[in-house]
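Novice: model this:
(one chain, ligands or ions: 1)
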Amino acid sequence: MSDTAHNLAEVQAAIRRAEADYGREPGSVSLVAVSKTIPAEGIVPALEAGQRVFGENYVQESAGKWPALRERFPDVELHLIGPLQSNKAREAVALFDVIHSLDRPSLAAALAKEVGRAGKSPRLLVQVNTGEEPQKGGVLPGEADAFIKACRETYGLPVEGLMCIPPAEDLPSPHFAFLAKMAARNGLKTLSMGMSADFDPAIQLGATHVRVGTAIFGARTRKDG
Ligand SMILES: *Cc1c(COP(=O)(O)O)cnc(C)c1O
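Specialist: Got it, this is the predicted structure:
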């Protein structure tokens, strides 16, 4: 077995264990395998091992890698988990099944326009900047309820959940609990939270999608990854 296939099996097992430990429905947590910066040949072992849900951070990089991989593995589900520029909305709507980084009215407007044009919408999650970090994407917590409402009512976008990336220096659990509460009061069922280092507490607090890169593909060499 390749390292990647081995790591993937371990992460899947840890997710199933956490579901059992925390009284979550078996299979209720999806693993989004984060393959940013990993070349196609590094992703193939995960695909061959049966993984079908992948996360990427960059539209351009994904457009270079995934169309060919999808010809071989047509049932792949591709998630955009990195920031999205409004001028890439068209390409993102064409390429991704789920976008986790909807976080501002200008992007909601751009996505609404492209969804109308394409006649199909990716599933959409609103990213919340729970740590209020200036360098990070995401709507500020105090503006999130109004933004979710505007996405639905003003822009007609099918928002189905929330995503967050807690500050590296914080304990993640309070951020996860906060996001879960916000989702519940807005009637949202999908919670994208938890990465390699903290997917276990995220599952405890209600994650439906965990985004795991390093624990599957190893440490990334590129700094911007
Ligand atoms: C890179 C990245 C991940 C994966 O992080 P790991 O620590 O490698 O598991 C998850 N979510 C987002 C938004 C990322 O950019």
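Novice: Could you list the low-pLDDT ranges of this structure?
Specialist: Filtered on pLDDT under 70, the chain yields the residue ranges 222-225.
Novice: longest helix of it?
Specialist: helix 3-21 (DSSP state H).
Novice: and that helix, how far out from the chain's middle?
Specialist: The chain centre lies 18 Å from the centre of helix 3-21; the measure is C-alpha atoms, centre = their mean, to the nearest Å.
Novice: touching the ligand at all, that helix?
Specialist: No. Using C-beta under 6 Å from any ligand atom, we find that helix 3-21 stays clear of the ligand, coming within 9.4 Å at best. No exception for glycine: its C-beta is placed from N, CA and C like everyone else's.
Novice: got the angle for the following helix or strand past that helix vs helix 3-21?
Specialist: Where DSSP states H and E defines the elements, the next helix or strand beyond helix 3-21 is strand 30-34. Between strand 30-34 and helix 3-21, the angle comes out at 150 degrees (axes from the mean of the first three to the mean of the last three C-alpha atoms, to 10 degrees).
Novice: what comes up buried for the longest helix of the chain?
Specialist: Thr4, Ala5, Asn7, Leu8, Val11, Gln12, Ala14, Ile15, Ala18, Glu19 (16 or more other C-beta atoms under 10 Å).
Novice: Let me know the closest of those to Pro122.
Specialist: Taking C-beta to C-beta as the measure, Pro122 lies nearest Ile15 of those, at 23.6 Å.
Novice: how close does the closest one get to Leu78?
Specialist: Using C-beta to C-beta, to the nearest Å, one gets 20 Å for the distance from Ile15 to Leu78.
Novice: Then Glu114?
Specialist: Distance from Glu114 to Leu78, by C-beta to C-beta: 16 Å.
Novice: Also Leu157?
Specialist: Leu157 is 19 Å from Leu78, by C-beta to C-beta.
Novice: One more: Arg185?
Specialist: 30 Å.
Novice: Looking at the two, which is more packed in?
Specialist: For Arg185 versus Leu78, the count of surrounding residues by other C-beta atoms under 10 Å is larger for Leu78: 22 against 10.
Novice: Am I right that the more buried one is in a strand?
Specialist: Yes. Assignment of Leu78 by DSSP: H, G, I helix; E, B strand; the rest coil places it within a strand.
Novice: For Arg70, give me phi and psi.
Specialist: phi -70, psi -30 (degrees, to the nearest 10).
Novice: repeat for Gly194
Specialist: phi 100, psi 130.
Novice: and if you look at Arg220?
Specialist: According to degrees, to the nearest 10, Arg220 has phi -80, psi 140.
Novice: doesn't Gly213 make contact with it?
Specialist: Yes. Between Arg220 and Gly213 there is a contact under C-beta atoms under 8 Å: 7.0 Å.
Novice: how about the helices of the chain, start to end?
Specialist: 3-21, 40-48, 59-72, 89-95, 105-118, 141-153, 173-185, 199-204, 214-217.
Novice: Val44 versus Ala9, what's the distance?
Specialist: Using C-beta to C-beta, one gets 16 Å for the distance from Ala9 to Val44.
Novice: same question, Val139
Specialist: Val139 is 36 Å from Val44, by C-beta to C-beta.
Novice: Settle it for me: which of those two has more neighbours?
Specialist: For Val139 versus Val44, neighbours defined as other C-beta under 10 Å are more numerous around Val139 (21 against 15).
Novice: That concludes my questions; thank you for your assistance.
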